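Asker: Mind folding the following:
(one chain, ligands or ions: 2)
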Amino acid sequence: MPAKTKQKSEYVCSSCGHISIRWFGKCPGCGAWDTLVEEKVEPASKEKSHAMLSGSDAPVPLSRIDASDHEARIPIDVEELDRVLGGGLVAGGLVLLGGEPGIGKSTLLLQILMRLSRRGMKVFYVSGEESLTQIRMRAERLGKCPEGLWSMCECSLEKIQAAIKELEPQFLAIDSIQTMSAPGLSSAPGSVAQVRESTAHIMQMAKSMAIPTVIVGHVTKDGAIAGPRVLEHLVDTVLYFEGDRSHSFRLLRTVKNRYGPTFEIGVFEMTEGGLRQVTNPSKLFMGSHAGPVAGAVTVPCLEGTRPLMVEIQALVTPSHMAMPRRTTTGIDSNRLAMLVAVAQRQLGLPLHEQDIFVNVAGGLKITEPAADLGIIAAIVSSFMEKPIAPTAALFGETGLTGEVRPVGRTELRLKEAARLGFTSCTVPASGLSGISMPEGMEILPVRNLADAVETVGLTAG
Ligand code: TYD
Ligand code: MG
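Answerer: Numbering: from 1, shown residues only. Ligands and ions are numbered 1, 2, ... in the order given. Okay, here's the model as predicted:
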């Protein structure tokens with residue numbers, strides 16, 4: 001009797017790609033809820049090769065490999081973009097551009113394509129989401145449509161590959177990977193198997209023809225569509241386009257880069273005529289008050305290698321609830337809880353009777369502990385109804401015992417503060433050796449929280 005061939009299934013997390021043999025409500029890999037989707041296990045076929053790179057069969061000494069022309073970068077000549085890419089596009093490099101729908105990925109991509117084609121490059125935009133008319137209308141909105149910009153509306157990778165072979169473009173953009181379907185795979189476009197397979201196909205194409213390629217991946221909360229995270233390990237560079245819909249600025253963040261540094265950011269502003277780079281972003285995140293106000297503090301934060309002056313605002317009001325409110329935008333609420341506890345204990349303030357709201361101006365998210373001192377100073381300033389001088393900045397990590405710990409890149413932060421007209425800065429005392437101070441800046445080194453609030457004039461009485 002022939003053995004029954006039962007079609008096997010596996011359950012794949014559409015957020016992180018974790019595979020398990022049975023369904024879970026919560027992904028054992030990343031902890032997300034309701035993201036596991038059933039996928040049929042395809043029998044491995046001989047012609048379906050997963051080899052992404054074709055190289056030599058025998059081992060070779062690495063010293064004999066010529067990599068001199070690999071260093072050649074294709075700069076886009078937009079400072080904010082080239083920085084996040086580590087200097088520009090790389091021939092055969094595959095970039096994943098992730099972000100929520102509507103954040104501006106297609107707009108950014110089209111602007112890059114138009115820019116490159118104006119320089120005489122033959123560029124190719126493949127869209128599985130919009131019609132040619134829609135793309136043309138968008139291009140018109142962004143400027144005059146150049147000649148060397150080729151476009152195609154297609155979801156079948158087989159047809160796209162044939163078109164690429166014929167066109168031989170110098171730059172390729174695929175918008176988006178979740179609409180593509182790879183040959184010989186029955187699962188629906190957008191499933192984990194499809195996006196992975198499609199990416200592998202595009203990767204092979206990009207490497208073999210040495211075309212710099214960008215693929216768009218939507219970040220979705222819906223578990224039915226695989227997110228760009230499942231592709232991060234496949235591609236060379238991962239960029240995420242972020243921003244708050246209610247604000248016009250957008251951040252392009254490098255999460256992974258085989259050709260350059262990570263955690264860089266590029267700052268853009270969404271305007272009527274597309275995205276515009278912001279070369280002086282500190283202005284976006286600083287307050288514009290007519291005079292000193294209580295509860296507002298400016299902190300020199302770092303995003304990648306980029307210093308940004310960011311205003312932190314706090315509002316402290318007497319609470320009428322058994323559990324006073326702690327509400328944050330732009331900072332972690334657990335961090336706030338800790339900082340409030342430290343301030344209460346170390347400075348002796350009765351914050352347990354107060355509602356506390358903390359907000360980062362401009363919609364930015366701050367994760368680095370260097371903002372600790374600033375957050376506490378804003379809270380104390382609001383509580384005491386005493387403003388801090390608008391020309392005073394401060395930064396430093398605060399420990400549970402109220403000690404102020406050093407943070408990285410002190411010099412860079414001080415320089416940015418001085419550049420924007422700040423005249424004094426409270427800094428961790430132990431991070432100052434070997435640092436050249438910017439001219440006209442008064443440095444106030446502190447070792448603990450009590451000293452820190454004193455330097456900015458927040459003392460009782
Ligand atoms: P889009 O690039 O379509 O987003 P994604 O590809 O990430 O889904 O961006 C769409 C948004 O951008 C839409 O809300 C309109 C806005 N927009 C402008 O404000 N100005 C412009 O010039 C363009 C083209 C779009
Ligand atoms: Mg789009």
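Asker: Low-confidence bits of the stretch 351-461 of the chain, can you list those?
Answerer: For the stretch 351-461 of the chain, applying pLDDT under 70 flags the ranges 460-461.
Asker: Let's see that with 90 instead.
Answerer: 361-365, 408-409, 416, 419-421, 430-440, 457-461 (pLDDT under 90).
Asker: those strands in it, which residues are they?
Answerer: Assigned by DSSP state E, counting those that start in this stretch, the strands in the stretch 351-461 of the chain fall at 354-360, 392-394, 397-398, 404-405, 424-428, 442-446.
Asker: Can I get these in JSON lines including distance to Ala418?
Answerer: (Each C-beta comes from the backbone N, C-alpha and C, glycine too.) What follows is these, written out as JSON lines (distance: least, C-beta to C-beta, whole Å):
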{"stretch": "strand 354-360", "distance to Ala418": "22"}
{"stretch": "strand 392-394", "distance to Ala418": "9"}
{"stretch": "strand 397-398", "distance to Ala418": "22"}
{"stretch": "strand 404-405", "distance to Ala418": "21"}
{"stretch": "strand 424-428", "distance to Ala418": "8"}
{"stretch": "strand 442-446", "distance to Ala418": "10"}
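Asker: winner for burial among these?
Answerer: strand 392-394 (a mean of 28; mean count of other C-beta atoms under 10 Å).
Asker: circling back to that earlier point, do you know which of the strands of the stretch 351-461 of the chain lies nearest Ala163?
Answerer: Closest of the strands of the stretch 351-461 of the chain to Ala163 is strand 354-360, at 45.4 Å (criterion: C-beta to C-beta).
Asker: Could you name the helices and strands sitting against that closest one?
Answerer: Where contact means 3 or more C-beta pairs under 8 Å, 6 or more residues apart in numbering; DSSP states H and E, strand 354-360 is packed against strand 306-318, strand 326-329, helix 333-347, helix 372-384.
Asker: let's see 10 Å
Answerer: If you count contacts as 3 or more C-beta pairs under 10 Å, 6 or more residues apart in numbering; DSSP states H and E, strand 354-360 packs onto strand 296-303, strand 306-318, strand 326-329, helix 333-347, helix 372-384.
Asker: Name the residues of the second one that are buried.
Answerer: Residues 306-316 are the ones in strand 306-318 that count as buried (16 or more other C-beta atoms under 10 Å).
Asker: and what of the fourth one?
Answerer: Of the residues in helix 333-347, those buried under the neighbour-count criterion (16+ other C-beta under 10 Å) are 335-336, 339-340, 342-343, 346-347.
Asker: Run through these and flag the ones next to ligand 1.
Answerer: Contacts with ligand 1 are made by none of those, judged by C-beta under 6 Å from any ligand atom.
Asker: Out of those, which comes closest to ligand 1?
Answerer: Arg335 (29.8 Å; C-beta to the nearest ligand atom).
Asker: Contact partners for that closest one?
Answerer: Neighbour list for Arg335: 328, 358, 366-367, 369, 371-372, 375, 398 [criterion: C-beta atoms under 10 Å, 6 or more residues apart in numbering].
Asker: Flag every residue of the chain that's near ligand 1.
Answerer: Checking the chain against ligand 1 by C-beta under 6 Å from any ligand atom, the hits are 99, 101-107, 138, 141-142, 270, 272-274.
Asker: Just the buried subset of those residues, written out for PyMOL, thanks.
Answerer: One line in PyMOL is enough to select the buried members of the residues of the chain next to ligand 1, burial here meaning 16+ other C-beta under 10 Å:
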select buried, resi 99+103+104+105+106+107+138+142+270+274
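Asker: what's the most distant pair in the residues of the chain next to ligand 1?
Answerer: Pro101 and Gly273 (21.2 Å).
Asker: quick one: contacts for Arg452?
Answerer: I think there's a mix-up here, since residue 452 is Ala and not Arg. 347, 372-374, 376-377, 380, 394-396, 398, 402, 404, 426-428, 444-446, 458.
Asker: so what's the closest residue to Ile379 other than its chain neighbours bridging to?
Answerer: Computed as C-beta to C-beta, 6 or more residues apart in numbering, the closest residue to Ile379 that is not its neighbour in sequence is Ala314, at 4.5 Å. Beta bridges link Ala314 to Val358, judged by DSSP bridges.
Asker: got a pLDDT number for Ala314?
Answerer: Confidence at Ala314, expressed as pLDDT, is 96.
Asker: In contact with it, which residues?
Answerer: Ala314 neighbours (C-beta under 10 Å, 6+ apart): 294-297, 328, 336, 356-359, 374-383.
Asker: Flag the shaky bits of the stretch 1-150 of the chain, pLDDT-wise.
Answerer: 1-24, 27-74, 77, 79-80, 83, 86-87, 91-92, 100-102, 144-145, 147.
Asker: Show me the helices in it, by range?
Answerer: Secondary structure of the stretch 1-150 of the chain (DSSP state H, counting those that start in this stretch): helices at 79-85, 105-118, 132-142.
Asker: would CSV of these with distance to Tyr259 be doable?
Answerer: Converted to CSV, the helices of the stretch 1-150 of the chain look like this (distance: least, C-beta to C-beta, whole Å):
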stretch, distance to Tyr259
helix 79-85, 8
helix 105-118, 17
helix 132-142, 27
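Asker: Kind regards, and thank you for your time.
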